[in-house]
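Student: please work out how this folds:
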Amino acid sequence: MTVVPGLRSGTVNLICDRCGDSVEAVPAVLPEPEVVWTVLNEYGWEGSPFAVGPHRCAGCTVASLVAPPPDVDGPTAPSAGARTWRVDVEELPEAVVLTPSGDIDVLVADVLREALAAALTGDRDVVLDLHRVGMLDSTALGLLVRAHREARQQGRSFCLVAPSRFVLTVLHTMRLASVFLVFDHRPQALACLAADRPGLSRPAR
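Tutor: Alright, predicted model coming up:
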């Protein structure tokens, strides 16, 4: 537990998993004891939407963001363990398919934001394939909500494929499970989108 009840009633202690610093917070909204997304946002922290970390204080988040990126080509970003994080893009007749290469947090959010923005400028539906993503943080969740809203405003679909149990739990806890179209496998998503768009052929299952 890296967000624990505070000594005073109605407070919680935020504990940074990077530097160990802590702060006693008074959350304006805390829908469930295990869900701390709202209080993290209030205090400028980043990390897991759940009480169990990892979480980063505002200072450690800023320090991570100013670190120099590696010299690589393409839509990539530095991430934990000095590994390269990227979003693979496939432009298919049914949709634009985006596949992040790993977990999504504030350190890589800009790469996903750019990929989503580019996909939403076209005229096709957008599929976010999450089969390589184990977890996401509040910043990433905000990107998904924004992408869904923009796609809906444009009369298109935005769907999620193969979300992990963690991602599904976050969506359910934040009451977003009914907002997104969710599919177990990419062929299911593409078949559904093709069926809803006249003139598109169904992909092979």
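Student: count of neighbours near F183?
Tutor: 20 (other CB atoms under 10 Å). Every C-beta, even on glycine, is put in place using the N, C-alpha and C of the backbone.
Student: what helix or strand is R146 on?
Tutor: Using DSSP states H and E, R146 maps to helix 138-153.
Student: can you list the strands that the helix or strand just after that helix pairs with?
Tutor: Remark: after helix 138-153, the chain's next helix or strand is strand 158-161, criterion DSSP H and E. Strand 158-161 pairs in its sheet with strand 125-129 (parallel), strand 181-183 (parallel), by DSSP bridges.
Student: quick revisit: so what does the helix holding R146 touch, helix or strand wise?
Tutor: Using 3 or more CB pairs under 8 Å, 6 or more residues apart in numbering; DSSP states H and E, the elements in contact with helix 138-153 are helix 37-42, strand 46-47, helix 109-120, strand 125-129, strand 158-161.
Student: ok, now with 10 Å
Tutor: Contacts defined by 3 or more CB pairs under 10 Å, 6 or more residues apart in numbering; DSSP states H and E place helix 138-153 against helix 37-42, strand 46-47, helix 109-120, strand 125-129, strand 158-161, helix 165-173.
Student: quick one: mean pLDDT over it.
Tutor: Helix 138-153 comes out with an average pLDDT of 92.
Student: tell me which residues in it are buried?
Tutor: By 16 or more other CB atoms under 10 Å, the buried positions in helix 138-153 come out as 138-141, 143-144, 147-148, 150-151.
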